[in-house]
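**Q** curious how this folds, go ahead:
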Amino acid sequence: MDIMDAIYRRRAVRRYGAKEVDMRTVETLLDAAIQAPSAMNAQPWAFAVIQNRTLLRSLSDRTKEHLLKTYAGDPRFERYRRELSDPDFEIFYGAGTLIVVCASPEGLIPAEDCCMAGQNLLLAACSLGLGTCCIGWARPLLNLPEVKAELKVAEELTPILPIVVGYPRGETPPVPRRRPRVVSWI
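**A** Numbering: from 1, shown residues only. The predicted structure follows:
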């Protein structure tokens, strides 16, 4: 699959099968991620890989609890309250692998650099027939000091982009895209 195919075929997959992503494939994804550009070539990324389904379920449950408590009363959050209150809803959608792109404090724009590494990972996964989904909901919990310690993420690192990876169960149709908003073309 060429890069343009991967760009147009990549989807946010929210249903995964039971087949596990093997270590070699995860290493291939990480190798693709670190090919991303970074400001001043700082390469400020680090990765936490979680492939323990019991831990993933625990993180999902704790994330839902944390979000419900943290965003109580926020009107922008209300439309998600029912889903996050459902004990059967799992924020990682049954994927068996979570890769968290973390930023170290080096460089000028480490968070943005890490997002570019994450995009490389998403496209590489698509090219290998894997599904991915960025799980922004997990970020607040993953940044708590006690959770970072539990996951062996160094104190100075900031979890930026949690990405689930797995083998898709079924098809994920494309979603409509708006036309590019060009605000200036001089």
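**Q** assumed C133 was part of a strand.
**A** Yes. According to DSSP: H, G, I helix; E, B strand; the rest coil, C133 belongs to a strand.
**Q** and it, what does it touch?
**A** A12, V13, R14, Y93, A95, I163, V164 (Cβ atoms under 8 Å, 6 or more residues apart in numbering). Quick note: C-beta positions are derived from backbone N, CA and C, even for glycine.
**Q** tell me which other helices or strands the top strand by length along the chain touches.
**A** Using DSSP state E, we find that the single longest strand of the chain is strand 158-166. Here strand 158-166 touches strand 97-103, helix 110-127, strand 131-134, helix 139-142, going by 3 or more Cβ pairs under 8 Å, 6 or more residues apart in numbering; DSSP states H and E.
**Q** so which bits of stretch 7-22 are buried?
**A** R10, R11, V13, R14, Y16, V21 (16 or more other Cβ atoms under 10 Å).
**Q** starting at the chain centroid, how far to it?
**A** 12 Å (Cα atoms, centre = their mean, to the nearest Å).
**Q** start to end distance for stretch 19-37?
**A** Its first and final residues considered, stretch 19-37 spans 32 Å by Cα to Cα, to the nearest Å.
**Q** tell me what the residue nearest the centre of the chain is bridged to.
**A** What sits nearest the mean C-alpha location of the chain, by Cα atoms, centre = their mean, is I163, with 2.0 Å. Counting by DSSP bridges, I163 is bridged to I99, C134.
**Q** ok, it touching I135?
**A** Yes. In terms of Cβ atoms under 8 Å, I163 counts as a neighbour of I135; the distance is 7.1 Å.
**Q** if we can go back for a sec, of the helices and strands packed on strand 158-166, give the one that comes closest to Q43.
**A** helix 110-127 (7.5 Å; Cβ to Cβ).
**Q** quick one on the thing from earlier: dump the contacts of C133 into TSV; add pLDDT as well.
**A** Below are these laid out as TSV (pLDDT from 0 to 100):
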residue	pLDDT
A12	96
V13	97
R14	97
Y93	97
A95	98
I163	98
V164	98
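**Q** out of these, which comes closest to P105?
**A** For those, the nearest to P105 is I163 (21.4 Å; Cβ to Cβ).
**Q** and that closest one, what does it touch?
**A** L98, I99, V100, V101, G118, L121, L122, T132, C133, C134, I135.
**Q** which ones are touching the second one?
**A** By that I understand I99. V26, L29, L30, F47, A48, V49, I50, L121, P162, I163, V164, V165.
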